[in-house]
Structures are given as structure tokens and as C-alpha cells.
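Trainee: Quick one, what's the 3D model for this:
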Amino acid sequence: MPPFPSQRVSRRAALQLGFLGGLGLSLADFLAWSNASGQDTPAKKLTPTADAVIFVHLQGGPSHLDTLDMKPDGPADEKGEFQPIASKCAGLHVCEHLPKLAAAIDRWALIRGVSHSAGAHPQANQYLFTGNPVSPAVTHPALGSVAVKERPCPPELPGFVAVPSSEMTPGYLGVSYSPFKTGETPKAGQPFQMRGLGLPAGLTVEKVTRREQLLRDLDTVFRKADANSDVLDGLDRFGRQAQEMILSQRTRTAFDISHEPESIAKLFAADAFGQSLLLAVRLVEFGVRFVTVNFEMSWDTHSDNFASLKTKLLPSFDAGITALVAALAAKGLLQRTLVFAGGEFGRTPTINKGAGRDHWPRASWALFTGGGIQAGQLIGGTDSKGHGPDDGTDIKPDDLAATIYHALGMDHRQEYRTRSGRPVYLVPHGSIVPRIFE
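Mentor: I've put the predicted structure just below:
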């Protein structure tokens, strides 16, 4: 079977793929061959409170009961092993293994009782990433894809970057709005030699320029014969950006954390999560619109939940997330950068036989700061056992997405049209999280 059975690759497309491969920039993650492009209709004008987003994904879903929504008076077989400690917010006790976050929680808005019904990782992730439940009829675009469509950034920079990877996809917007995946994480104090941002041996700037001229000449020959223009338009856009990135000293500098001053670099731990967050700060400073950082040590603690949290997950998260805010503030970037942190769901109140907790979409938490967010707030909550939202809470991933769009000055009910002409709203059922900007 051919690699793309639903697409016919023209001679021009093949030349483009060969050209980009010659530059050393992999297209494996970019060319998902989404062949529809969104046609938007005029949206309501909003005043943005942020011009960039850092989206921290806690892959696997952290246990809410063992972190920021503890229930120390709950049943013995549910409340867990950890002790609560007082935090900077009156009345909020958090896990003893989050001491730095406890001391700085007043710099965040904490939302508890986020709830939905998607109990599997792929469906829950897509819900979190798009603000829409998974649908068989349409593949919704990720937040970052919409952000760079509506708020383009300088052409030599990728507007949407995933460190080191992400399952976020452009959906019906098409391939040109895919995230640029770094593929690896930077190492402390070392230049970040990311594959694809340098010229391979023997390839010079002059050769790149000549190849681009050849491609432009051939473009006029093959354009009329191409019926699948949406895919090729995406390749066109990506091809132009690939060349601009590779030839841009500014782009290579943006990805090189070794240029960070010691006062900023020392805030971050030398682990993968800390250095990924440092890179996110640097990219936002250079003008990247949307950066998602994937915490790759899995929070999917079906077994050894407490040992994993205590020794690996919580110390790294505690150090990294507080360093992120400190660095953004020190650089004067916090007010213009919206920061989100959260997972796709929480974990079961009941502790299983393997000392773990399983998937629990009925309750989780999310953190917001920067970008116009009123910090120091506790919004929402869960019942006395942490089984689900309390009577006054009705917050879903739709609302988290609507809040992110609002910060960027975007109407979350804006209408797009798929290639087939079907009208699709960005987040039709979402509302801005109450009080979060007040």
C-alpha cells in the first residue's frame, strides 16, 4: 500500500519534499496530510491581554488528590500517603512535596473541579488541546494552530513550537499550521543543536538559494496540473518558512539556551523539564506565539503512584513551574504571556492493589497565570471526597480553551469552514472561566 493512500503526490510536491529533505529538516511530523484549510468568517473584536502562550502539558494526568486538591479528612483508603502543608493562599493546603509552589501559589489562579467524561488518553488529550470533545465528523484544530493562524508571528520563526513533541494537530486548518517539534530537549549550558536548524555538510547558503529559485521556476510549470492545492499550499508555506528558519541567525539564536544570562539560567534545574521551560521562555521572548512543553515523565501512575510522585514527578514539577514564573517576571514577559499547566484528567480516589490510581476524568485541576489573569484565586472545587465537582462548579476543557482564546483577543465562538464547506465553531460550548480576569 502506498504511504498516503488517500493522496496523489504530484511531481511538484515530490520536488518540494526532496528540497526540504536536502535542507536536513524532517517533515515526518509536519506532513500529516491534512488536506483542508479553514476559511474563517469575521470574528468579534476583543482586546488581548496576552500575545503569547506557554502550555505545560502534564502528560498522563496527575492525581488531583495527591497534589493541589487534597482531602486529608477523606476515607483512609482514598486520601493517600502525603501530608498537606499550608500555602500562600489562605485556606489552601497542598502536597508536602510541592513546597516551592505552596510558597508561590498566590502567583497563580488555581481551578479545581475540571470535569469531563473522556476516560482514555487520546480522547482526553484532544479535548484538552482543542476545547472540543472528539468527533467522528470533524478533526478540530489545536489551540496553538488556531493561535498562529489568527496571530501570525515573524516569518523566520515557527509560530507554534512543541518541546520536545506533542499530540496537538492542526485538524481542518491543514498541515501549514502544525507544531514545529524540537524532537529533543536542551541540555543545561550547552548550545541547542536542534536537527533541522543547521545546514548539512556540503550545503551552503548559495546552494539553498539556487534550489529555491529552481523550485519557483518549476512551480509555474506544475501549478496548473495540481488539483490538490490545499496540501500543496501547506507545503508551499512550510517550505518557505523552512528556508527562512534555516538561513536565519535570529532563529538559531532563539533556540539556543546557552545564550541565556546566568541570572535566568540558574533559576532552572538541569533536568529535561526545567531546560524545556527555559527554552519556552526564550522562544516567547523572541516572538514565538504558542509554545507547548510536554512533561515527558508520565503522570499515568497506575502503579507506584506515591513513590513516583515523591521521587520524580513532584520535585521536578515544583522546581520547574516556579522557575518558569520567576523567569518570565524577571524578563518582563509575564504580563504578556499566558501560562497554563494541567493534564488531561485526574486520577481515581480509590487506590488500586498496585498502590496506584487509575484514570478519573470527573475531577482534575488547572493552573493559569500571566497574560491578564488575576492571580491568587481559587476557582471551583470538588466534593468532600474529591470524587467530582462540587455543586457550584461546572468547568470543562471547553472553558479552559475559551479562556486561552480570550486572553489572545480571539472570539472562541468564531466560525470557520472546512474544505467541504461545513461551518464549524472554534469552541461552541465553552465559556470564559468565571472571575479569572477580574
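
Trainee: Show me what the host helix or strand of Ala323 is packed against.
Mentor: Secondary structure from DSSP states H and E places Ala323 in helix 314-330. For helix 314-330, the packing partners by 3 or more C-beta pairs under 8 Å, 6 or more residues apart in numbering; DSSP states H and E come out as strand 52-58, helix 99-104, helix 262-265, helix 272-286, strand 337-342. Using the backbone N, CA and C atoms, a C-beta is placed for each residue, glycine as well.

Trainee: Export the ones you listed to JSON lines and append columns for distance to Met410 and mean pLDDT.
Mentor: Output for the helices and strands packed on helix 314-330, formatted as JSON lines (distance: least, C-beta to C-beta, whole Å; pLDDT from 0 to 100):
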{"stretch": "strand 52-58", "distance to Met410": "11", "mean pLDDT": "98"}
{"stretch": "helix 99-104", "distance to Met410": "29", "mean pLDDT": "98"}
{"stretch": "helix 262-265", "distance to Met410": "30", "mean pLDDT": "97"}
{"stretch": "helix 272-286", "distance to Met410": "18", "mean pLDDT": "98"}
{"stretch": "strand 337-342", "distance to Met410": "12", "mean pLDDT": "98"}
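
Trainee: Nearest to Ala330, out of the ones you listed?
Mentor: Comparing the helices and strands packed on helix 314-330 by their distance to Ala330 (C-beta to C-beta), the top pick is helix 262-265, with 6.4 Å.

Trainee: one step back: out of the helices and strands packed on helix 314-330, flag the one nearest Arg252.
Mentor: Closest approach to Arg252 among these is made by helix 272-286 (10.8 Å; C-beta to C-beta).

Trainee: same for whatever helix or strand comes next after that closest one, what does it pack against?
Mentor: The C-terminal neighbour of helix 272-286 among helices and strands, as given by DSSP H and E, is strand 290-295. Under the contact definition 3+ C-beta pairs under 8 Å, 6+ apart, strand 290-295 sits against strand 52-58, helix 143-150, strand 160-163, helix 272-286.

Trainee: remind me which residues of the stretch 151-300 of the chain are low pLDDT?
Mentor: 194-247 (pLDDT under 70).

Trainee: where along it do the helices fall?
Mentor: 205-222, 229-247, 249-254, 262-265, 272-286 (DSSP state H, counting those that start in this stretch).

Trainee: From the chain's centroid, how far away is stretch 295-315?
Mentor: Centroid separation for stretch 295-315 versus its chain: 20 Å, with C-alpha atoms, centre = their mean, to the nearest Å.

Trainee: Next, format the helices and strands packed on helix 314-330 as JSON lines and append mean neighbour count and distance to Ala137.
Mentor: Shown next, in JSON lines, are those (neighbours: other C-beta atoms under 10 Å; distance: least, C-beta to C-beta, whole Å):
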{"stretch": "strand 52-58", "mean neighbour count": "25", "distance to Ala137": "26"}
{"stretch": "helix 99-104", "mean neighbour count": "20", "distance to Ala137": "40"}
{"stretch": "helix 262-265", "mean neighbour count": "14", "distance to Ala137": "46"}
{"stretch": "helix 272-286", "mean neighbour count": "24", "distance to Ala137": "34"}
{"stretch": "strand 337-342", "mean neighbour count": "24", "distance to Ala137": "27"}
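
Trainee: What about Ser420, how many residues nearby?
Mentor: Residues within reach of Ser420, counting by other C-beta atoms under 10 Å, total 8.

Trainee: Check Thr311 too.
Mentor: 12.

Trainee: Lys72 contacts His93, correct?
Mentor: If you look again at residue 72, you'll see it is Pro, not Lys. Yes. Using C-beta atoms under 8 Å, Pro72 is in contact with His93, at 7.3 Å.

Trainee: Please compute how far the helix holding Ala323 lies from its chain's middle.
Mentor: The chain centroid and the centroid of helix 314-330 are separated by 17 Å under C-alpha atoms, centre = their mean.

Trainee: Show residues contacting that helix.
Mentor: 54, 56, 58, 67, 95, 97-101, 104, 107-108, 263-264, 267-269, 271, 273-274, 277-278, 280-281, 284, 295, 297, 334, 337, 339, 341, 367, 369-370 (C-beta atoms under 8 Å, 6 or more residues apart in numbering).

Trainee: For Gly392, see how far away Thr253 is.
Mentor: 49 Å (C-beta to C-beta, to the nearest Å).

Trainee: Repeat that for Gly183.
Mentor: 44 Å.

Trainee: Let me see the ranges of the strands in the stretch 1-150 of the chain.
Mentor: For the stretch 1-150 of the chain, applying DSSP state E, counting those that start in this stretch gives strands covering 52-58, 84-86, 93-95, 109-114.

Trainee: who touches the second one?
Mentor: What that stands for is strand 84-86. Applying C-beta under 8 Å, 6+ apart, the external contacts of strand 84-86 come out as 70, 72, 92-96, 99, 102.

Trainee: Buried among these? Need that as a selection in PyMOL.
Mentor: A single PyMOL command selects the buried members of the contacts of strand 84-86 (16 or more other C-beta atoms under 10 Å):
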select buried, resi 70+92+93+94+95+99+102
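
Trainee: Using a markdown table, lay out the contacts of strand 84-86 together with distance to Val138.
Mentor: Below are those laid out as a markdown table (distance: C-beta to C-beta, whole Å):
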| residue | distance to Val138 |
| --- | --- |
| Met70 | 39 |
| Pro72 | 44 |
| Leu92 | 39 |
| His93 | 42 |
| Val94 | 39 |
| Cys95 | 39 |
| Glu96 | 45 |
| Pro99 | 44 |
| Ala102 | 42 |
